[in-house]
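> pasted the sequence and its predicted model underneath.
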Amino acid sequence: MQSIDEFDYELPEELIAQTPLEQRDHSRLLTLNHQTGELDDRHFYDLIDELQSGDVLVMNNSRVLPARLYGQKAHTHGHVELLLLTQEQGDRWEVLVKPARKLHVDDEIAFGEGQLRAKVIERREEGKFQIEFSYEGIFLEILEQLGQMPLPPYIKAHLDDNDRYQTVYAKENGSSAAPTAGLHFTPELLTKIQQKGIQLAYVTLHVGLGTFRPVVFSDISEHKMHSEFYQLDEANAKLISQAKAEGRRVVAVGTTTIRTLETIASRFDGQVKADSGWTDIFIKPGFEFKVIDAFVTNFHLPKSTLVMLVASFTGKDNILKAYQHAVEMRYRFFSFGDAMFIY
């Protein structure tokens with residue numbers, strides 16, 4: 001049995017970053033050699049020195065939807081908060097609702113000046129509902145106008161610029177949370193990386209709110225991951241599989257990229273091929289990595305599945321020592337915080 005308490009650490013609340021830095025790539029970068037445990041304090045723009053010519057840098061190009069909507073029930077004018085989770089069919093979505101207990105099937109909700117309306121189709125467990133939207137025009141444009149970014153619960157500050165919760169290469173709409181390891185990149189840094197002879201490749205994994213769901217079991221093997229949609233096209237699969245065949249490094253940006261690549265490899269006997277589907281892979285100590293050789297990641301919540309994923313690559317002692325070092329050196333933590341490069 002692996003206990004959840006093995007993945008705990010002390011974090012002073014003031015180290016939880018509330019706002020992004022003015023310059024994305026000026027965040028700090030803690031490097032960790034997963035074999036020796038050696039640590040080094042750098043800045044994110046130094047990542048180019050850690051990457052080698054011939055590496056393939058793989059990024060998640062999912063784009064965060066402004067998925068939090070505030071509306072009123074049509075008849076009672078009671079306030080309702082909706083969080084879009086998954087588009088299920090056409091204009092039908094699974095959503096999370098507050099307050100859930102006051103919403104019933106066939107209730108209607110209006111948003112803004114009525115540009116967007118929703119009807120409750122089905123009530124589900126844990127505050128979830130299926131609703132159907134009605135509107136005139138283009139849904140995503142209306143959502144950009146009325147919706148707010150679904151920031152994690154530990155961020156209390158207001159976000160002035162929604163683009164700062166998107167990566168600069170975000171393309172495919174669908175995430176409920178940002179793939180935050182990628183928030184540190186700038187177009188200029190990516191250009192320099194390519195000029196050094198490093199190939200850029202992209203996967204898509206739409207990040208669900210399950211990424212913030214706490215592990216409630218003391219035995220972590222009892223935890224069930226939330227399912228998320230992923231996609232890898234033919235051209236990017238070829239870049240990655242060719243690098244593996246030639247012994248070049250595959251460097252993942254973020255845990256979502258890791259989960260996508262390792263899901264695909266588990267389906268194709270260690271090979272990376274074009275694929276799409278849903279994954280609920282839970283990577284924890286004891287997992288055998290088939291694709292990635294190094295990765296960029298942010299600092300993660302104590303006792304979270306993301307700490308467990310990182311520990312499965314570095315070893316538990318190495319990552320906990322690294323986190324202790326980061327706390328002592330006053331690194332910034334979580335979504336808008338600093339980063340690690342683990343190799």
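Nice, I can see it.

> hey, let's count contacts and neighbours off CA atoms from now on
Will do.

> residue nearest the centroid of this structure?
P179 (3.2 Å; CA atoms, centre = their mean).

> I'd guessed that one sits against N60; true?
Yes. Counting by CA atoms under 8 Å, N60 is a contact partner of P179 at 6.9 Å.

> give the residues shared as contacts by those two.
Counting by CA atoms under 8 Å, 6 or more residues apart in numbering, the common neighbours of P179 and N60 are 254, 256.

> would you mark the buried spots in the host helix or strand of G277?
Per DSSP states H and E: G277 is located in strand 275-279. Neighbour counts using 16 or more other CA atoms under 10 Å place 275-276, 279 of strand 275-279 among the buried residues.

> neighbouring strands - and their directions - for it?
strand 228-232 (antiparallel) (DSSP bridges).

> distance of the residue in the chain sticking out farthest from the centre from R92?
For the chain, the largest distance from the centre (CA atoms, centre = their mean) belongs to H75, which lies 37.4 Å off. Distance of H75 to R92, computed by CA to CA, to the nearest Å: 21 Å.

> with V253 instead?
V253 is 32 Å from R92, by CA to CA.

> could you chop the chain up by domain?
Split into domains by automatic domain parsing, the chain comes to 4-64+161-342, 68-146.

> can you check which of these gets nearest to Y154?
domain 4-64+161-342 (7.7 Å; CA to CA).

> measure that closest one end to end?
End-to-end span of domain 4-64+161-342 (CA to CA): 22 Å.

> now swap in stretch 175-193 and tell me
Note: stretch 175-193 ends 26 Å apart using CA to CA.

> which residues touch that stretch?
Applying CA under 8 Å, 6+ apart, the set of residues contacting stretch 175-193 is 24-27, 44-45, 48, 59-60, 62-65, 67, 84-85, 150-152, 164-168, 205-209, 253-256, 296-298, 335-336, 339.

> then stretch 222-241?
56, 199, 201-208, 210-211, 215-217, 250, 260, 271-282.

> among the contacts of stretch 175-193, which ones are buried?
24-27, 44-45, 48, 59-60, 62-65, 67, 84-85, 150-151, 164-168, 205-209, 253-256, 296-298, 335-336, 339.
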